[in-house]
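1. Next one to model:
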Amino acid sequence: MNDILYDRILNLLAGRQSRAVESMDLSAVGSIVGSVRNRNEDVAAVINVRHGSEPSKDFMLGLVCDGMGGMSDGREAALIAASSFVAAVLRNIRFSGPKHGLAVSLASAQRAVFNELRGSGGTTLSAAYVDQSPQAWLTHVGDSRIYAINSSNELRQITRDDTIGAALQREHENRPDNNRLIQFVGLDGELDPQLHSFDRGSLNGLLVTSDGAHSTPPELLSTIARHSKTGLELVRKMLNVADALGGLDNATAVHIPCASGADARQGDHRQDDDVVVTILCSSGQHDIWLAPTQRVETPSSRLPVSSYQKPDNRRGAGAAAPENKRAKKPKSPRQNAKNRPQDELPLPIEKPVAKLDFSDDGDSKS
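-> Numbering: from 1, shown residues only. Here you go, the predicted structure:
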């Protein structure tokens with residue numbers, strides 16, 4: 001069974017990178033390969049969701065997945081995890097709220113990676129969620145990090161590294177196993193993720209980073225943050241410094257504002273009932289329009305793993321996804337070729353936009 005939403009997101013995240021840093025309004029996504037690695041195994045995105053008739057449901061998500069370079073399928077693990085997580089967030093949070101929605105989405109990513117790669121690939125996953133409420137949320141597994149940025153542009157780490165050194169509180173000791181992960185997405189078994197809310201009222205923004213970006217000495221990282229006027233400037237400076245210090249690993253940073261979850265952009269013309277998803281990633285900025293539907297309790301829309309295909313690096317950033325056969329849906333009495341949902345249209349090359357009509361199932365744990 002194919003999953004159209006998952007496939008669309010996967011193709012956008014796997015698209016060819018055109019430049020080191022992409023920005024949209026107050027958000028920014030940046031990633032570099034560095035001087036040592038042969039390829040970039042980090043996957044990052046900002047997801048901005050706007051509900052035409054219900055702006056109170058608007059939200060923004062910043063995400064980083066750092067594929068494990070010591071495993072044969074680290075890049076593929078990061079792509080599967082990020083795509084599964086985002087697709088599940090779009091299906092669940094609208095109906096179940098951030099706490100349950102983030103938990104279910106992380107469990108979905110964990111199942112997808114393990115079922116597809118069977119231990120040959122793993123990834124970190126760190127996601128920061130901001131909506132219209134005073135509370136923001138995060139979920140986290142691995143050694144990527146989430147930082148809170150206050151009104152003085154000071155950084156404060158709000159996640160705990162899932163490493164042996166952090167677990168034993170010996171990060172400052174020079175031990176060879178300090179950086180070894182104790183859990184990551186793709187393990188065989190249940191995860192114990194960090195999942196909690198925090199007050200965003202006094203914050204300017206949130207920063208999500210891979211270890212290649214935050215391996216910069218803490219005092220230098222704090223200096224960069226204090227002297228950065230925008231999220232875009234902060235992300236760009238962090239990557240430049242990581243590269244100047246030797247570029248020993250892939251380095252990725254994502255910034256999202258804390259002012260107001262997912263405000264509509266100026267000049268945004270959308271129908272009242274449209275749900276507009278804007279994805280900002282290394283391949284650029286892409287919009288997907290989701291036709292609003294009622295929630296349908298059916299197992300048929302659970303995220304599959306079998307539809308994943310390793311990305312074709314020759315495909316450009318705006319290239320169309322491979323066409324997939326639609327999963328059969330129960331026929332309604334009046335459904336015919338004229339009023340059938342138009343979710344089989346391929347992404348136009350010039351503007352990667354799709355109008356999708358899908359049902360939500362809550363993606364319960366198996």
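2. what's across from His140 in the sheet?
-> Beta-bridge partners recorded for His140 (DSSP bridges): Ser126, Gln194.
3. show me what contacts it?
-> Shown in contact with His140 (CB atoms under 8 Å, 6 or more residues apart in numbering): 125-127, 146, 159-160, 162, 193-195. Quick note: C-beta positions are derived from backbone N, CA and C, even for glycine.
4. any chance of the residues you listed in TSV, plus distance to Val46?
-> What follows is the contacts of His140, written out as TSV (distance: CB to CB, whole Å):
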residue	distance to Val46
Leu125	15
Ser126	13
Ala127	11
Ile146	13
Thr159	18
Arg160	23
Asp162	23
Pro193	21
Gln194	20
Leu195	20
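5. what packs against the strand or helix carrying Val86?
-> Per DSSP states H and E: Val86 is located in helix 74-96. Applying 3 or more CB pairs under 8 Å, 6 or more residues apart in numbering; DSSP states H and E, one finds that helix 74-96 makes contact with helix 4-13, strand 42-51, strand 59-66, helix 98-117, strand 125-131.
6. ok and that helix relative to helix 98-117, angle-wise?
-> Helix 74-96 runs at 150 degrees relative to helix 98-117, counting by axes from the mean of the first three to the mean of the last three CA atoms, to 10 degrees.
7. Alpha carbons of helix 74-96, as CSV, please.
-> Output of helix 74-96 as CSV, limited to C-alpha atoms (Å, rounded to 0.1, in the frame of the first residue of the first chain):
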residue,chain,number,x,y,z
GLY,A,74,22.4,6.4,7.9
ARG,A,75,21.1,8.8,5.2
GLU,A,76,18.2,6.6,4.4
ALA,A,77,17.3,6.2,8.1
ALA,A,78,17.2,10.0,8.5
LEU,A,79,15.0,10.4,5.4
ILE,A,80,12.5,7.7,6.4
ALA,A,81,12.3,9.0,10.0
ALA,A,82,11.8,12.7,9.0
SER,A,83,9.2,11.8,6.3
SER,A,84,7.3,9.4,8.6
PHE,A,85,7.4,11.9,11.5
VAL,A,86,6.1,14.9,9.5
ALA,A,87,3.4,12.9,7.8
ALA,A,88,2.2,11.5,11.1
VAL,A,89,2.3,15.0,12.7
LEU,A,90,0.1,16.4,9.9
ARG,A,91,-2.4,13.5,10.5
ASN,A,92,-2.5,13.5,14.3
ILE,A,93,-1.9,16.9,15.9
ARG,A,94,-4.9,18.5,14.4
PHE,A,95,-7.1,16.1,16.3
SER,A,96,-5.1,14.9,19.3
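8. which of the residues in that helix are buried?
-> Across helix 74-96, burial judged by 16 or more other CB atoms under 10 Å covers 74-94, 96.
9. tell me the mean pLDDT for that helix?
-> Average pLDDT, helix 74-96: 94.
10. how far is that helix from where the chain is centred?
-> Taking CA atoms, centre = their mean, to the nearest Å, one finds the center of helix 74-96 at 7 Å from the center of the full chain.
11. Next, the angle strand 42-51 makes with that helix.
-> Comparing the axes of helix 74-96 and strand 42-51 via the same axes, to 10 degrees yields an angle of 20 degrees.
12. And Gln169, how far from Thr163?
-> Counting by CB to CB, to the nearest Å, the gap from Gln169 to Thr163 is 11 Å.
13. Mind checking which of these two has more residues around it?
-> The neighbour comparison of Gln169 against Thr163 (other CB atoms under 10 Å) goes to Thr163, with 19 against 8.
14. right, and the more buried one touches Gln183 too?
-> No: using CB atoms under 8 Å as the test, Thr163 is too far from Gln183 to be in contact (9.7 Å).
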